[in-house]
Every structure is written in C-alpha cells, then in structure tokens.
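Trainee: Sequence first, predicted model second:
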Amino acid sequence: AWAARAASMADELHFGGDGFSAEDIFQKLGRGTAYTYDDVICLPGHIGFGVNDVSLETKLSKKISLRLPFVSSPMDTVTESEMAINMALQGGIGIIHYNNTIEEQAALVRTVKRYKNGFITDPIVLSPNHTIADVDRIKSENGFSGIPITEDGQMGSRLVGFVSNRDVDFLEDRTRKLSEVMTTDLVVGQEWCTLSEANLILRQSKKGKLPIVNDNYELISLCSRNDLKKNRDFPLASKEPTSKQLLCGAAISTRPHDRERLKALVQQGVDCIVIDSSQGDSIFQLEFVNEIKREYGDDIQVIGGNVVTSSQCLHLIKAGVDGLRIGMGVGSICTTQEVCAVGRAQATAVYHTAKTARIHGVPIIADGGISSSGQITKALSLGASTCMMGSMLAGCEESPGEYYFQDGIRLKKYRGMGSVEAMEKGSSKRYFADSKDTVKVAQGVSGAVVDKGSVARFLPYVAQGVKHGLQDLGVKSIGELHEGLYDGSVRFELRTHAAQREGSVHSLYTYEKRLF
C-alpha cells in the first residue's frame with residue numbers, strides 16, 4: 001500500500017514539477033489561448049556533453065541542408081547580394097528581395113553565385129582585341145580583374161593568355177589591346193584534374209587563377225586561389241555540393257509577370273524560391289507552386305507562405321512546396337494583426353504548423369518575432385528547422401543602406417515590406433494591392449535599428465548562444481531537440497508578466513548590455 005501511494009505521489013509531483021510537454025501547453029492547458037515566445041520558457045535537461053559537441057545542422061527545405069539555422073529575410077533593407085554572401089559564408093542562407101526590377105534581382109543572385117566556386121564553369125572571358133578599359137569595366141562591375149583570354153573571347157575557345165592587375169596597373173593608355181599586355185606564359189590544369197589537384201597546382205605555382213583546358217588547349221573552366229582561402233576561413237559555408245557555389249535564395253510574388261522573374265533567377269542558378277505573400281493560402285500561390293514544380297521539379301526548391309494554421313500548411317504541402325514560412329503579423333515592423341485583425345501569436349503558430357508539416361517531411365521556417373538567440377532556441381524547440389531574421393540583421397554592415405547618427409547612436413533604416421515607403425517601390429503585390437485603382441492599406445512601418453557590426457562577428461555570437469541553449473536543454477542537435485519535443489522529454493512552462501520581467505535584466509539603476 002505504501003509503495004502504491006509513493007508511486008502516486010511521484011506521478012503527482014512530476015505533473016508540473018518538471019514542467020509540461022508542448023502538447024500539454026498548446027493543446028490542453030492553453031486550449032484556445034495563443035502564446036508568443038516570451039510567454040513560454042524551456043526547462044533545463046541533463047548536460048552530459050560540451051557546448052562544442054552541439055550541432056546546429058538543419059534543413060531549409062526537403063533538399064537543402066544548412067550548417068546553421070539562420071535565414072535572412074527578403075526585405076529591401078535586409079538582404080541584397082552582400083548580406084546573402086555573408087549569410088552563406090557563415091553557414092546560413094540569404095533570400096534576396098524582389099522590390100526591384102527583374103534585371104536587378106537577377107544581377108544580385110548572379111553576384112552571390114559567382115562569389116565562391118570550386119571550378120568556375122562560366123568565368124568572364126575576353127579576346128585579345130578587347131582593351132584595358134574592358135578590364136576596368138569588369139573590375140568595377142564584378143570586383144575582380146583576373147580574366148582568361150581566348151581567341152574569340154568565348155568559353156570553349158583556345159586559351160591564348162591571361163590578364164590580371166599586375167599586367168594593367170600603372171598603364172596610362174587604357175585603350176591598348178589586351179594582346180599587347182596579356183601574360184602568355186601560363187600555368188594550366190588539365191580537364192581530368194580534380195578540385196584538390198587543381199588547388200595543389202595553385203599552391204605550388206603561387207598563381208591567383210588556374211585556367212583548366214582540354215587536350216586542344218581550349219578553356220573549359222577556371223579555379224581561383226581566393227576560393228582556397230575562403231574554404232579555409234569559412235568551413236561552415238553553405239555550398240552547392242557539385243559546383244561549390246554559395247547557396248542563394250530569392251523571393252518572388254504570385255503575379256503573372258513574375259513568371260519572367262522566375263526564369264531569370266533560374267538562369268542565374270538560384271537554389272530556392274520563396275513565394276512571398278503576407279497570406280500564403282491563396283489560389284494564386286497554390287497554382288504557382290504547382291506550375292513551378294511541374295516545370296522544374298526538385299531542381300528548384302519552393303518555399304511557400306506565409307501561413308500560421310495547419311489547414312493552410314496542408315493546402316501548400318498538397319500543392320508541392322518543399323518548405324514552409326511561418327508567421328503573420330509578428331515582425332517588429334509589421335502591423336497586419338492591428339490593421340487586419342488576422343494572424344497568430346508566433347509560438348503557437350510554430351508549434352501547430354511544425355507538427356503538421358513534420359508528418360509530410362516538410363521543414364518550416366519561423367519568420368518573425370525573433371530578437372535574440374533565446375527566441376531562436378525557443379522557435380527550434382517548438383518544431384522550426386530554421387529561423388528567418390529581419391530586424392536582427394538590418395543593423396549589420398552587410399544590409400542595404402547607410403548608417404546615420406541620432407542622439408549619438410549609430411542607426412540604420414529598417415522598414416516593413418508592408419510600409420507605405422516599400423509599397424510605393426513595388427512590394428504592394430505581396431499584399432494583393434498592386435492595381436493602380438486599389439486603395440493601398442499599409443501593413444507595416446518604417447523605423448531604425450541600432451548598429452550591430454558585421455554579420456561575420458554577429459552570427460557566430462548568435463550561433464554560440466543557440467548552442468548553449470541546446471546544451472542546457474540536454475540535446476546535441478536540432479534533430480534530437482525535435483525528437484524530445486514530440487516524445488515529451490523537452491519540457492516547458494508558461495510565464496506570467498512578472499516572470500518575464502524577472503527573466504530579463506531588472507533591479508538595476510543603470511546597466512550596459514554588450515552582445516560580444
């Protein structure tokens with residue numbers, strides 16, 4: 001009798017004594033109530049490993065894996081080529097915005113895809129009849145001046161020379177032909193050589209570029225010394241397995257003319273397409289997803305959204321999406337919930353959509369409501385595979401725009417894609433309001449964010465914070481975290497406003513908060 005009573009007491013102590021499962025929180029205790037990240041706290045588990053044993057490798061979509069669960073938002077004050085390059089170098093991915101012309105967006109994708117390669121299969125090539133001025137133009141547009149010279153200026157033609165900075169620097173006459181200044185005594189690699197063999201030749205020859213030729217001495221590709229250094233400096237970089245190009249995503253809308261935009265992006269080698277809509281469960285998006293998957297199959301990964309309910313997820317999954325973007329009206333600059341009275345608190349949205357998408361093997365991106373590494377940990381612990389960041393990255397050096405000072409604080413402009421300013425530039429199609437006769441209703445604001453320095457310093461800090469979070473939870477990976485979420489071993493509690501206040505900096509007259 002005593003043993004039975006002891007067992008009963010143990011059950012009672014455990015119920016709440018060690019928190020609750022996510023299912024208890026979101027489907028039983030909190031039925032009918034929606035929770036934000038701040039409403040929920042994760043309870044610690046048992047630590048039996050070091051923080052460096054934690055892996056943050058994850059899935060962006062069915063076919064795309066990342067070493068870090070970080071995605072930069074497709075906003076015109078967050079992600080262009082520089083942000084996308086640095087996100088990919090750190091192990092995440094950038095999604096380039098579409099508040100620009102087709103040609104401008106395609107050029108941004110091209111810049112990312114050409115930034116880091118193994119064998120560069122489509123290098124810029126000139127002929128002996130081109131001039132030094134052509135080299136200057138290419139350097140201005142692309143940031144490099146090491147250019148192979150072939151007989152007719154085309155790939156596949158016979159290699160006759162190479163031009164680099166040392167050949168053209170200090171020459172005053174920029175109209176001179178390249179045949180007069182190019183280097184003709186070349187070190188080359190053969191068509192059959194592997195990437196590691198090509199890299200060895202570069203090290204031994206101390207050259208900056210290595211042309212790769214076939215038996216007829218025709219140029220077939222190029223290998224760069226800079227890429228060797230980048231491989232060493234960025235071991236987590238998100239790269240396409242075969243070409244070794246950086247991964248890059250781009251956003252598009254569902255409007256008919258975006259079919260042309262899609263073709264231009266695919267031609268530049270974009271890896272994933274994010275269909276950008278404030279409300280993703282529309283006939284326009286479902287038809288467009290079907291169309292893309294029919295034409296490109298798995299060659300282009302399609303991420304649908306934004307959605308916040310299980311039924312919305314199912315509609316897009318049935319249409320063929322490879323990933324889902326979760327969030328509606330929760331971003332720091334978004335006013336959708338205020339203006340339209342539609343949306344969902346983000347913690348609840350992530351939990352329910354992730355649970356549905358998991359059944360079908362579709363990863364989800366938690367988009368919005370992220371302002372710290374702790375909230376990223378919470379999003380992952382509720383089922384997200386990656387987190388999309390806007391305001392967290394908008395203050396970084398790599399985001400578009402210029403810094404300015406206000407009251408002695410270094411700031412950068414940040415605006416929602418539903419703000420009046422962004423809609424005037426073209427983002428109104430995201431909100432089904434791009435007709436000239438349509439009254440535009442703003443669903444976002446413009447503001448400013450504090451300088452955060454370079455992504456190269458900021459993202460490693462955020463990643464380390466998330467690793468510490470997983471270590472405290474007692475899990476070594478995001479996959480293990482998700483297993484604990486669904487088997488109930490990862491535990492949670494709800495927090496009162498007083499508990500939220502207690503869990504942040506408090507009871508100080510002044511303090512300084514440094515990130516790193």
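Mentor: Noted; the coordinates are in hand.
Trainee: make it CA atoms for all contacts and neighbour counts henceforth
Mentor: Noted.
Trainee: which SS class is residue 277?
Mentor: coil (DSSP: H, G, I helix; E, B strand; the rest coil).
Trainee: for the closest residue to residue 124 other than its chain neighbours, what are its contacts?
Mentor: Counting by CA to CA, 6 or more residues apart in numbering, residue 124 lies nearest to residue 147, which is 6.5 Å off, once chain neighbours are set aside. When contacts are counted by CA atoms under 8 Å, 6 or more residues apart in numbering, residue 147 is found next to 123, 124, 125, 126, 135, 162, 163, 164.
Trainee: for those, which one is nearest residue 504?
Mentor: Nearest to residue 504 among the contacts of residue 147: residue 123, at 51.9 Å, using CA to CA.
Trainee: give me the element that closest one is part of.
Mentor: Following DSSP states H and E, there is no helix or strand that holds residue 123.
Trainee: Residue 107 now?
Mentor: Assigned by DSSP H and E, residue 107 falls within helix 102-115.
Trainee: C-terminal to that helix, what's the next element?
Mentor: The helix or strand immediately downstream of helix 102-115 is strand 119-120, counting by DSSP H and E.
Trainee: partners of that next one, with directions?
Mentor: Paired strands of strand 119-120, with direction, are strand 219-224 (antiparallel) (DSSP bridges).
Trainee: Flag every buried residue along the one helix or strand residue 413 maps to.
Mentor: Using DSSP H and E, the element containing residue 413 is strand 409-415. Neighbour-count burial for strand 409-415 flags 411, 412, 413, 414, 415 (criterion: 16 or more other CA atoms under 10 Å).
Trainee: try stretch 375-385
Mentor: Buried residues in stretch 375-385, counted by 16+ other CA under 10 Å: 375, 376, 377, 378, 379, 380, 381, 382, 383, 384, 385.
Trainee: if I look at the first one, how far off is residue 74?
Mentor: The spacing between residue 375 and residue 74, counted by CA to CA, to the nearest Å, is 20 Å.
Trainee: So which of the contacts of residue 147 are in helices?
Mentor: Among those, the residues falling in helices (DSSP state H) are residue 135.
Trainee: Nearest to residue 289 among the buried residues of strand 409-415?
Mentor: Among these, residue 415 lies closest to residue 289 (CA to CA), at 27.8 Å.
Trainee: how far does stretch 274-285 stretch from start to finish?
Mentor: Where stretch 274-285 begins and where it ends lie 11 Å apart, using CA to CA.
Trainee: outside of it, which residues touch it?
Mentor: Under CA under 8 Å, 6+ apart, the answer for stretch 274-285 is 95, 249-255, 302-307, 312-313, 315-316, 328, 430-431.
Trainee: of the buried residues of stretch 375-385, closest to residue 398?
Mentor: residue 376 (21.0 Å).
Trainee: Any buried residues in stretch 327-345, and which?
Mentor: Those would be 327-336, 343-345, for stretch 327-345 by 16+ other CA under 10 Å.
Trainee: what would the residues you listed look like in a markdown table with distance to residue 64 and pLDDT?
Mentor: Formatted as a markdown table, the buried residues of stretch 327-345 follow (distance: CA to CA, whole Å; pLDDT from 0 to 100):
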| residue | distance to residue 64 | pLDDT |
| --- | --- | --- |
| 327 | 21 | 93 |
| 328 | 24 | 91 |
| 329 | 27 | 84 |
| 330 | 26 | 85 |
| 331 | 25 | 78 |
| 332 | 28 | 75 |
| 333 | 29 | 76 |
| 334 | 28 | 79 |
| 335 | 32 | 77 |
| 336 | 30 | 79 |
| 343 | 28 | 88 |
| 344 | 28 | 92 |
| 345 | 28 | 91 |
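Trainee: Now go through those and say which are in helices.
Mentor: residue 336.
Trainee: Need the buried residues of stretch 327-345 in JSON lines (columns: distance to residue 285).
Mentor: Listed next are the buried residues of stretch 327-345 as JSON lines, based on distance: CA to CA, whole Å:
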{"residue": "327", "distance to residue 285": "16"}
{"residue": "328", "distance to residue 285": "16"}
{"residue": "329", "distance to residue 285": "19"}
{"residue": "330", "distance to residue 285": "21"}
{"residue": "331", "distance to residue 285": "22"}
{"residue": "332", "distance to residue 285": "25"}
{"residue": "333", "distance to residue 285": "24"}
{"residue": "334", "distance to residue 285": "21"}
{"residue": "335", "distance to residue 285": "22"}
{"residue": "336", "distance to residue 285": "19"}
{"residue": "343", "distance to residue 285": "18"}
{"residue": "344", "distance to residue 285": "20"}
{"residue": "345", "distance to residue 285": "23"}
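Trainee: Can you pull out the residues in contact with the strand holding residue 413?
Mentor: Taking contacts as CA under 8 Å, 6+ apart, the residues outside strand 409-415 that touch it are 77-78, 333, 391, 394-395, 401-405, 421-422, 444-451.
Trainee: returning to that earlier point: now, the buried residues of stretch 327-345 that are in strands?
Mentor: Using DSSP state E, no member of the buried residues of stretch 327-345 sits in strands.
Trainee: From the buried residues of stretch 327-345, pick the one nearest residue 360.
Mentor: Nearest to residue 360, judged by CA to CA, of these is residue 327 at 19.4 Å.
Trainee: packing partners for the helix holding residue 107?
Mentor: Contact here means 3 or more CA pairs under 8 Å, 6 or more residues apart in numbering; DSSP states H and E; on that basis helix 102-115 packs against helix 81-90, strand 93-96, helix 258-267.
Trainee: do that again at 7 Å, thanks
Mentor: Here helix 102-115 touches helix 81-90, helix 258-267, going by 3 or more CA pairs under 7 Å, 6 or more residues apart in numbering; DSSP states H and E.
Trainee: Just say which of the ones you listed is most tucked in.
Mentor: Most buried of those, by mean neighbour count (mean count of other CA atoms under 10 Å): helix 81-90, with a mean of 25.
Trainee: before we move on, back to that, give me the subset of the contacts of strand 409-415 lying in strands.
Mentor: Judged by DSSP E, the subset of these located in strands is 403, 404, 405, 446, 447, 448, 449, 450.
Trainee: now those in CSV, with pLDDT, neighbour count and distance to residue 283?
Mentor: Output for the ones in strands among the contacts of strand 409-415, formatted as CSV (pLDDT from 0 to 100; neighbours: other CA atoms under 10 Å; distance: CA to CA, whole Å):
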residue, pLDDT, neighbour count, distance to residue 283
403, 79, 17, 41
404, 80, 14, 43
405, 82, 11, 45
446, 70, 16, 30
447, 76, 13, 33
448, 80, 18, 35
449, 79, 19, 36
450, 81, 20, 39
